[in-house]
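In: mind looking at a prediction? Sequence and model below.
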Amino acid sequence: MNRRKFISFTGIAGTMCICPEMLFAGNGNEKFPKEYLMTVDGVLDIHKMGITLSHEHIITDFAGAEKNSVQIYKNSEAAGILMPFLKSLKESGARTLIECTPAYIGRNVSLLKQLSKATGLYIITNTGYYAAVGQKYLPKHAFTESAEQISARWLREWKEGIEGTGIRPGFIKLGVDTGPLKEIEKKLISAAAITHLQSGLKIFIHTGDAAAAKEEAELLNSEGVGYEAFIWVHAQNDASGDTHIELAKKGCWIGLDGVNAQENALIKYTEFITRLKNEGLMHKLLLSHDDGFAVEKVDNNIAFSPYKNGNTRPYNSIFTKLKPVLLRSGITAQESNLLVIENPRKALQIKICKAY
């Protein structure tokens, strides 16, 4: 028995099924459907998700892990600025937003819960660390602790809540640069594997290129994690689209994030989607904008700046720009709904009971 399988049999799972009632005993306030998600407001039946954006941000802080330990803004001022954009998203028909900002790069789960209650959007946050951009956003302990020790931190957030809030993550979020993977990136992927095997949380990995994506998929698989638990974030970085097909056929999820209103981008995303359709793989595809706001201090004033990624209004272009192009290209309305309704449900769902 290898190390990872040994952990899965001797950790919180034992040789029994992992059930949320067992993990969260004593809470008493949550009822667990057979297949569920974990939102910032608690357990949600997957069938209530509705239209879902699978990779967005609300606020990020790009100062670096050792510089943003103290929040530089008040939740009330952030909510006042962001609320109109999220209400507009809800009015467009969307129901759920998967918020992919990790710890040490601006994750603020209390604000997410406040915004969720005020807008009626279901918002899902995460656990995990972001090793891309030269490891600027990794805390010091990520370099010295083992994969098991790091996983224990993430599992504590899953079982007890994040930073004393009681808010639990709904997935694991990592970030890596281009391949080949660095040792620190491999360690974090191993930590994510341990966490997945003991929680059922799916693994989203911001990925620099196709070579890194293939290495991630095989590393997770070698650790006992099924391909279907891996969501390749920013798969559009594979300009050829060849690795989309290769990994989707294995069962991995292909995340085409960064949808924007620019004509060349709309053409490229339509080509990606059409090719996956022709290969019979649309059921493995996720769409999102990767929109959000960056917070920074300018002349002692706090500014919330929207990402400059080709969208004039955040969280909007899939509905107003891309969908009409897809329809004209032969993608049916039913197929479009698959990408933003059915697929996110399957990608994010946490099954009530799973034996390892």
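Out: Cool, got the structure.
In: could you check how far R95 is from I51?
Out: As defined by C-beta to C-beta, to the nearest Å, R95 lies at a distance of 6 Å from I51. Yep, even glycine has a C-beta here, placed from its N, CA and C like the rest.
In: for K117, which three-state class applies?
Out: When states are read from DSSP: H, G, I helix; E, B strand; the rest coil, the local structure at K117 comes out as helix.
In: surely it touches D41?
Out: Yes. Taking contacts as C-beta atoms under 8 Å, K117 lies within contact range of D41: 6.9 Å.
In: can you tell me how far the most far-flung residue of the chain relative to its centre is from I81?
Out: When distances to the mean C-alpha position of the chain are computed (C-alpha atoms, centre = their mean), the maximum falls on D299, with 33.1 Å. Counting by C-beta to C-beta, the gap between D299 and I81 amounts to 18 Å.
In: what ranges do the strands span in the stretch 101-250 of the chain?
Out: Defined through DSSP state E, counting those that start in this stretch, the strands belonging to the stretch 101-250 of the chain, from first to last, are 122-124, 126-127, 171-175, 203-206, 230-233.
In: reformat these as JSON lines; add mean pLDDT, distance to S110 and mean neighbour count.
Out: Rendered in JSON lines, the data for the strands of the stretch 101-250 of the chain read as follows (pLDDT from 0 to 100; distance: least, C-beta to C-beta, whole Å; neighbours: other C-beta atoms under 10 Å):
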{"stretch": "strand 122-124", "mean pLDDT": "98", "distance to S110": "12", "mean neighbour count": "24"}
{"stretch": "strand 126-127", "mean pLDDT": "98", "distance to S110": "15", "mean neighbour count": "26"}
{"stretch": "strand 171-175", "mean pLDDT": "98", "distance to S110": "18", "mean neighbour count": "26"}
{"stretch": "strand 203-206", "mean pLDDT": "98", "distance to S110": "22", "mean neighbour count": "26"}
{"stretch": "strand 230-233", "mean pLDDT": "98", "distance to S110": "24", "mean neighbour count": "29"}
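In: which among the ones you listed is found nearest to F293?
Out: Shortest separation from F293 across these is recorded for strand 122-124, at 14.5 Å, computed as C-beta to C-beta.
In: contacting residues around that closest one?
Out: The set of residues external to strand 122-124 that reach it, using C-beta atoms under 8 Å, 6 or more residues apart in numbering, is 37-41, 44, 48-49, 58, 95-99, 112-113, 115-116, 170-171, 348.
In: try stretch 334-351
Out: Under C-beta under 8 Å, 6+ apart, the answer for stretch 334-351 is 20, 34-38, 46-47, 49-54, 96, 98, 124, 170-171, 199-202, 231, 253, 273, 277, 282-287, 318, 323, 326-327.
In: again, 6 Å this time
Out: Contact partners of stretch 334-351, identified using C-beta atoms under 6 Å, 6 or more residues apart in numbering, comprise 35-37, 46, 49, 51-52, 54, 200, 231, 253, 282, 285-287, 323, 326.
In: which of these count as buried?
Out: Buried by 16 or more other C-beta atoms under 10 Å: 36-37, 46, 49, 51-52, 54, 200, 231, 253, 282, 285-287, 323, 326, out of those.
In: which of the contacts of strand 122-124 count as buried?
Out: Burial by neighbour count, 16+ other C-beta under 10 Å: within the contacts of strand 122-124 this picks out 37-40, 44, 49, 58, 95-99, 112-113, 115-116, 170-171, 348.
In: from these, which land in helices?
Out: Among those, the members falling in helices are L112, K113, L115, S116, L348 (criterion: DSSP state H).
In: and stretch 253-270, what's buried?
Out: Applying 16+ other C-beta under 10 Å to stretch 253-270 flags 253-261, 265-266, 268-270 as buried.
In: dump these to TSV, plus pLDDT.
Out: Shown next, in TSV, are the buried residues of stretch 253-270 (pLDDT from 0 to 100):
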residue	pLDDT
W253	98
I254	98
G255	98
L256	98
D257	95
G258	95
V259	98
N260	97
A261	97
A265	97
L266	98
K268	98
Y269	98
T270	98
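In: would you format the residues you listed as a markdown table with secondary structure and distance to A239 included?
Out: Formatted as a markdown table, those follow (DSSP: H, G, I helix; E, B strand; the rest coil; distance: C-beta to C-beta, whole Å):
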| residue | secondary structure | distance to A239 |
| --- | --- | --- |
| W253 | strand | 19 |
| I254 | strand | 14 |
| G255 | strand | 15 |
| L256 | strand | 12 |
| D257 | coil | 15 |
| G258 | coil | 13 |
| V259 | coil | 16 |
| N260 | coil | 16 |
| A261 | coil | 20 |
| A265 | helix | 12 |
| L266 | helix | 16 |
| K268 | helix | 8 |
| Y269 | helix | 12 |
| T270 | helix | 14 |
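In: now G166, nearest residue through space, not along the chain?
Out: On the basis of C-beta to C-beta, 6 or more residues apart in numbering, the spatially nearest residue to G166 that is not a chain neighbour turns out to be E160, at 7.9 Å.
In: and for I150?
Out: By the measure of C-beta to C-beta, 6+ apart, the closest residue to I150 outside its immediate chain neighbours is A191, 4.1 Å from it.
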